[in-house]
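Engineer: Structural data only, the sequence is not supplied:
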RNA sequence: GUGGAUGUAGCUCAGUUUGGUUAGAGCGCUAGGUUGUGGCCCUGGAGGCCGUGGGUUCGAGUCCCAUCAUCCACCCCA
């Protein structure tokens, strides 16, 4: 009856300590870059009014039409688990009138996002993203800064097989005239495309550029691209962004066929891909959203940002060195006889109070097992409480790296006031 | 939502083709070899509703059907 195992929901997963360690390293690196670039951290709620996303991301987008976790609360309000971070940040920006307090608002976030898609490699229903947003400037220099931040984070995480692609997808009017030219180009040859592309042509024609079939790619070789329909002004904006990137020594590639999935994107768009990831190779993507603030009820304000998928970043990161030989400063207390357990406990507490890691056996295991555990704990010292030494008020300090060991004064150890004294006591012998 | 693959020990998997006593290996866990000490080696031990339900059969991990779950790919996205 009660034996049914409850498992994590399809598309969600536990991040166990070994993995969480890498996770923490990533967020620490992101946080460091954010500090360097002067972006402040922002927490927004994990669920929001459904309307925020339908209005922000686009009523017709895939994310909104079929991928959101939407539910009603006790007040019969329609709420949605956030599928992405930008809409919430912009909502917060408007709600707190951040724009009137400072000209340019630079923030970053990290946390879980939710999309009801079919899971596969590098894709989950609850997944984690971090992202940067800069709201309030249309100057090309901010484009370059935030792209640089994005790129530098990936660099600092040691991701080598990455490529930065940039493009400009213009503004609605430009897109309109391009769309017409594109349709005129496709219509006569539409029959030659695959079924998916035909479907795309009806719903979101530019998506045809994403098709992986050789035949479709060949047919699109000379198709008009948005980039060639940019206004002089926007073209200049993009060129200036590129100049800034060149100046900063950031290598990128112009990808005129790059398309964005979310409706709010305008002008500058970019993507970082990692070719060893397989099908889901985009680890990070971003762009301008110059109409979004207004769309969500704020004053017309340009914005720009990016988001990166932490799971994908993890897949792209180089294999970490096998743990084993790695030892951290810390102490594992071992007792030769159970009557010393209280002494061990007191010692552990004492060392922790000094601000240092310490642990002991809580399973009443044999000496051999305790030593094994000491080894696995990754601490570089064990302290063994043994009969002969204890009788003389001493304990055995064993170096778990080079196996040298010697006696130390147990009383002295308990009287140590800080980590430096402890270090000296250990170092003296 | 569509297509393909896979479910056997905590983990990675063998065994399924050709049904036949108590279902295996490596790693991990645990106790010992070492009467005072981890890593290497050796020996023992624990740990399995063979995903679930039904069917065929004297007999099913193995064959058939259903179902659930997971993975990969498409779609889309980070």
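Structural biologist: Looks like it came in fine. Not measured: the values here are computed from a predicted model.
Engineer: List the contacts of residue A:365.
Structural biologist: By CB atoms under 8 Å, 6 or more residues apart in numbering, the residues touching residue A:365 are residue A:373. The C-beta positions use only the backbone N, C-alpha and C, and glycine is treated the same way.
Engineer: Spatially central residue for chain A, please.
Structural biologist: residue A:310 (3.3 Å; CA atoms, centre = their mean).
Engineer: burial of the nearest residue in space to that residue that is not next to it in sequence, as a residue count?
Structural biologist: Among residues not flanking residue A:310 along the chain, residue A:128 sits closest, at 4.0 Å (CB to CB, 6 or more residues apart in numbering). By other CB atoms under 10 Å, the residues close to residue A:128 number 20.
Engineer: low pLDDT regions in the stretch 301-429 of chain A?
Structural biologist: When residues are selected by pLDDT under 70, those of the stretch 301-429 of chain A lie in A:320-326, A:428-429.
Engineer: Enumerate the residues of it near RNA strand B.
Structural biologist: A:307-309, A:311-312, A:336, A:365-369, A:371-376, A:384, A:386-389, A:396, A:398-401, A:403, A:405 (CB under 7 Å from any atom of the strand).
Engineer: Break chain A down into its structural domains.
Structural biologist: If you go by automatic domain parsing, the domain ranges for chain A are A:17-170+A:230-316, A:328-428.
Engineer: Could you report the separation of residue A:179 from residue A:294?
Structural biologist: 22 Å (CB to CB, to the nearest Å).
Engineer: same check, this time on residue A:137
Structural biologist: Relative to residue A:294, residue A:137 is positioned 15 Å away (CB to CB).
Engineer: Neighbour count for these two, which is higher?
Structural biologist: residue A:137 (18 against 13).
Engineer: For that one, which non-adjacent residue is closest in space?
Structural biologist: residue A:104 (5.0 Å).
Engineer: Now the one you found. Its backbone dihedrals?
Structural biologist: Per-residue torsions, residue A:104: phi -120, psi 130 (degrees, to the nearest 10).
Engineer: cool, and residue A:284?
Structural biologist: phi -160, psi 140.
Engineer: Give the bridge partners for it, please.
Structural biologist: Note on residue A:284: beta-bridge partners by DSSP bridges are residue A:272, residue A:308.
Engineer: Next, the buried residues of the host helix or strand of residue A:373.
Structural biologist: Using DSSP states H and E, residue A:373 sits within helix A:367-377. Within helix A:367-377, the residues scored as buried using 16 or more other CB atoms under 10 Å are A:370-371, A:373-374, A:377.
Engineer: Show me the helices in the stretch 201-350 of chain A, by range?
Structural biologist: A:214-219, A:232-247, A:292-295, A:310-316, A:341-353 (DSSP state H, counting those that start in this stretch).
Engineer: Make JSON lines from those helices and add distance to residue A:99 to it.
Structural biologist: Output for the helices of the stretch 201-350 of chain A, formatted as JSON lines (distance: least, CB to CB, whole Å):
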{"stretch": "helix A:214-219", "distance to residue A:99": "43"}
{"stretch": "helix A:232-247", "distance to residue A:99": "21"}
{"stretch": "helix A:292-295", "distance to residue A:99": "8"}
{"stretch": "helix A:310-316", "distance to residue A:99": "29"}
{"stretch": "helix A:341-353", "distance to residue A:99": "47"}
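Engineer: between those, which one is nearest to residue A:18?
Structural biologist: helix A:310-316 (11.8 Å; CB to CB).
Engineer: so who does the nearest residue to residue A:54 once chain neighbours are set aside touch?
Structural biologist: With CB to CB, 6+ apart as the criterion, residue A:54 has its nearest non-adjacent residue at 5.1 Å, and that residue is residue A:64. By CB under 8 Å, 6+ apart, residue A:64 lies in contact with A:53-54, A:57-58, A:83.
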